[in-house]
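Visitor: Sequence and predicted structure below; questions after.
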Amino acid sequence: MKTGIVREDIYMEHVMDYYHPESPERLKHIYSMLEEIGPENIERIPARDATHEEIAYVHDVSYIESISATKGKSVRLDPDTSTSPKSYEAALKAVGGLLRLIDAVMEGKVDNGFALIRPPGHHAERNRAMGFCLFNNIAIGARYLEKKYNIKRIIIVDFDLHHGNGTQHSFYRDATVLYFSTHQYPYYPGTGWIEETGEGEGRGYTVNVPFSYGMDDDDYMHAFKEVLVPITDMYKPEFILVSAGFDAHYKDPLGGMKVTEKGYAMMTRIMLDLAKKHCNGRIIYALEGGYGLEGLKNSVKAVIQELRGINAFDEYKQDAPSNEAVKIVERLKKTLSPYWGVF
């Protein structure tokens, strides 16, 4: 398989506060890893600037203009989120890089891909920057698939430590995009409980797995196999997008989970199998969080190896999930049973 990779130096020009965890060092470590693993089955996809019209698929025009007005400036947007002089340009290229990668997959130039971009996106709301995020890259990508390619069923899988409130709210009343999230709860931003399942036509198309502190590979695999796989098999997506945050890694300084590099590889293997089964292998990852530099680098490496057809680890032998994980999954299945006949 050929994997498209988006990487640009402009992404490292977005700099928030000194010692901010969402720093350019994250990509420096990841990009150095790319040199180590070599170019086999990897295609560099150059980014472009997203247009304001494309960003407005998700965000209010007035909000887009307010971010545009930060060009060349350092502006505080919320307690955790700010811009530096190049942040607006990086944000345009982050969205545009993902859209270029979508084009490459849809046109058959690559089989799948990973957009290694900053700033991240899944907390960004329609008219608000928050949680280190300016524009909601993955949500805009989903709308782009709908508008340009007439894709009617998309799954967004979000395994970041933090719930993707912005992504959830973008599609909460929409059945054309199914949002599946595993996240630590209660934790920032405070959304993502089991009973948040969508509204109107979107009822049942938001699926939240609010894990408590300390969940590990076995717990995540349990949620994927017991919930994501059967729902995906029933929904039959035409494209899979992944909000790939690695702050559930066991060494992450902001997290409280115990996921390993092997866990991320095995989750990727499950999603690749689903993509091959339902949507001709079409799956794209977009970088979100992950703040322990070595854990981030090694986890992204494991995912890219799997994407390009190289097993990063031997087959995973799953042990029993924790009692807490089993309880959460069973409660979620009961909550979703009116919408999905597989539970």
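Guide: All right, it came through fine.

Visitor: quick one: buried residues of the helix or strand hosting Asp218?
Guide: Element membership for Asp218 (DSSP states H and E) is helix 217-223. Buried residues in helix 217-223, defined by neighbour count with 16 or more other Cβ atoms under 10 Å: Asp217, Asp218, Asp219, Tyr220, Met221, His222, Ala223. Quick note: C-beta positions are derived from backbone N, CA and C, even for glycine.

Visitor: just curious, which of these is nearest to Phe239?
Guide: Ala223 (21.4 Å; Cβ to Cβ).

Visitor: OK, contacts around Tyr250?
Guide: Asp216, Met257, Lys258, Val259, Thr260, Gly295 (Cβ atoms under 8 Å, 6 or more residues apart in numbering).

Visitor: And those, which of them are buried?
Guide: The neighbour count (16+ other Cβ under 10 Å) marks Asp216, Met257, Lys258, Val259, Thr260, Gly295 as buried among the contacts of Tyr250.

Visitor: what about the helices in the protein?
Guide: Using DSSP state H, the helices of the chain run over 25-37, 52-55, 61-68, 87-106, 137-149, 165-170, 217-223, 229-235, 261-278, 293-307, 323-336.

Visitor: one step back: could you redo the contacts of Tyr250 as JSON lines and give each row distance to Glu288 and pLDDT?
Guide: Converted to JSON lines, those look like this (distance: Cβ to Cβ, whole Å; pLDDT from 0 to 100):
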{"residue": "Asp216", "distance to Glu288": "20", "pLDDT": "97"}
{"residue": "Met257", "distance to Glu288": "14", "pLDDT": "98"}
{"residue": "Lys258", "distance to Glu288": "19", "pLDDT": "98"}
{"residue": "Val259", "distance to Glu288": "14", "pLDDT": "98"}
{"residue": "Thr260", "distance to Glu288": "18", "pLDDT": "97"}
{"residue": "Gly295", "distance to Glu288": "14", "pLDDT": "98"}
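
Visitor: Can I get these in a markdown table including distance to Tyr172?
Guide: As requested, the contacts of Tyr250 are arranged in a markdown table below (distance: Cβ to Cβ, whole Å):
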| residue | distance to Tyr172 |
| --- | --- |
| Asp216 | 30 |
| Met257 | 25 |
| Lys258 | 30 |
| Val259 | 27 |
| Thr260 | 32 |
| Gly295 | 32 |
